[in-house]
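Enquirer: Have a look at this fold, sequence not included:
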């Protein structure tokens with residue numbers, strides 16, 4: 001007898017409740033392609049079509065039946081989890097994250113965590129990665145997510161690491177033309193983005209000037225949108241409405257970076273272990289690559 005994974009049913013129900021794959025992905029903290037792949041797997045498992053493909057999302061007769069039954073099944077599941085798992089786990093978890101992830105997957109991850117474990121209190125601190133890592137070593141955080149230079153021999157748990165490309169991000173491509181010094185929008189000194197951008201420009205002997213520096217990711221996005229300069233970001237956190245340039249005649253290549261989770265396994269509480277699991281799922285869905293030398297566990 002077939003067993004339908006509850007994760008697929010939850011995705012299916014969420015799609016119908018929110019009226020689309022993209023909205024469901026935002027609610028569940030997953031990408032739109034990942035949501036589509038889940039629904040393809042569910043249809044193949046059941047041997048039927050659940051949606052009528054057209055201009056608007058509509059369910060087939062089988063889809064409508066599954067929706068009603070899936071809602072009832074998930075309600076039972078959620079009551080069991082809250083009673084036996086979620087409600088019994090409590091505690092405060094201190095989490096340090098880079099500024100980039102204020103607008104990336106972390107808020108969605110924590111929202112999903114709160115639904116299942118409402119008594120876990122997560123205290124989030126945002127800063128540049130260098131500061132986050134320093135504070136972690138002084139035991140300010142239970143878990144820290146930081147951006148670091150790529151290491152070819154990284155032997156940490158593969159679930160804790162993602163490698164991503166650095167790209168130039170620009171709003172007005174006219175800034176890439178001409179011979180004037182390149183205006184740079186960036187974080188303050190000490191940020192890996194800034195270090196990578198300035199090192200790449202100096203290696204190419206390209207003149208540049210820092211036109212706008214901010215500790216806020218939103219401030220950097222706004223400055224780039226208004227044409228004040230170009231910035232360097234990881235591809236996975238670059239906004240869709242701005243242009244990503246991997247490297248061209250005008251701009252040098254920037255290389256790659258690692259996003260990694262830091263924690264002391266023996267010091268993690270039960271609540272912190274649950275937070276770690278959700279962060280790992282968010283990293284996996286963010287994209288990027290696992291380091292080829294990483295090991296399956298600590």
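Expert: In hand now; what should we look at? Values in this document were obtained by computation on a predicted structure and should not be read as measured data. Numbering: from 1, shown residues only.
Enquirer: Tell me how many other residues crowd residue 108.
Expert: Neighbour count for residue 108, taken as other CB atoms under 10 Å: 18. Quick note: C-beta positions are derived from backbone N, CA and C, even for glycine.
Enquirer: One more: residue 153?
Expert: Using other CB under 10 Å as the criterion, the residues surrounding residue 153 number 8.
Enquirer: Work out for me the element it sits within.
Expert: Assigned by DSSP states H and E, residue 153 falls within no helix or strand.
Enquirer: Could you tell me how far it is located from residue 258?
Expert: Residue 153 sits 12 Å away from residue 258, going by CB to CB, to the nearest Å.
Enquirer: now residue 109
Expert: Counting by CB to CB, the gap from residue 109 to residue 258 is 19 Å.
Enquirer: Go through stretch 240-259 and flag the buried ones.
Expert: The neighbour-count check on stretch 240-259 (16 or more other CB atoms under 10 Å) flags 242, 250, 251, 252, 254, 256, 257, 258, 259 as buried.
Enquirer: Apart from its neighbours in sequence, what residue is nearest residue 196?
Expert: Closest residue in space to residue 196, ignoring its immediate chain neighbours: residue 254 at 5.3 Å, by CB to CB, 6 or more residues apart in numbering.
Enquirer: What strand or helix carries the one you found?
Expert: Applying DSSP H and E, one finds residue 254 in no helix or strand.
Enquirer: List the contacts of it.
Expert: Residue 254 makes contacts with 165, 166, 167, 168, 196, 197, 200, 232, 247, as judged by CB atoms under 8 Å, 6 or more residues apart in numbering.
Enquirer: what about the residue lying closest to residue 267 once chain neighbours are set aside, distance to residue 107?
Expert: Nearest-residue entry for residue 267: residue 142, 7.4 Å, with adjacent residues in sequence omitted and distances by CB to CB, 6+ apart. Note on residue 142: its distance to residue 107, by CB to CB, is 18 Å.
Enquirer: Among those two, which residue is more densely surrounded?
Expert: The neighbour comparison of residue 142 against residue 107 (other CB under 10 Å) goes to residue 142, with 25 against 15.
Enquirer: now the more buried one: how far from residue 120?
Expert: Distance from residue 142 to residue 120, counting by CB to CB: 11 Å.
Enquirer: Between the two, which contacts overlap?
Expert: In contact with both residue 142 and residue 120: 93, 275, using CB under 8 Å, 6+ apart.
Enquirer: What is the burial count for residue 209?
Expert: Other residues close to residue 209 by other CB under 10 Å number 10.
Enquirer: who are the neighbours in contact with it?
Expert: Applying CB under 8 Å, 6+ apart, the residues contacting residue 209 are 181, 182, 183, 184.
Enquirer: What distance do you get for the closest residue to the second one other than its chain neighbours to residue 269?
Expert: This means residue 182. In space, and not counting its chain neighbours, residue 182 is closest to residue 208: 4.2 Å by CB to CB, 6+ apart. Look at residue 208 and residue 269: by CB to CB, they are 46 Å apart.
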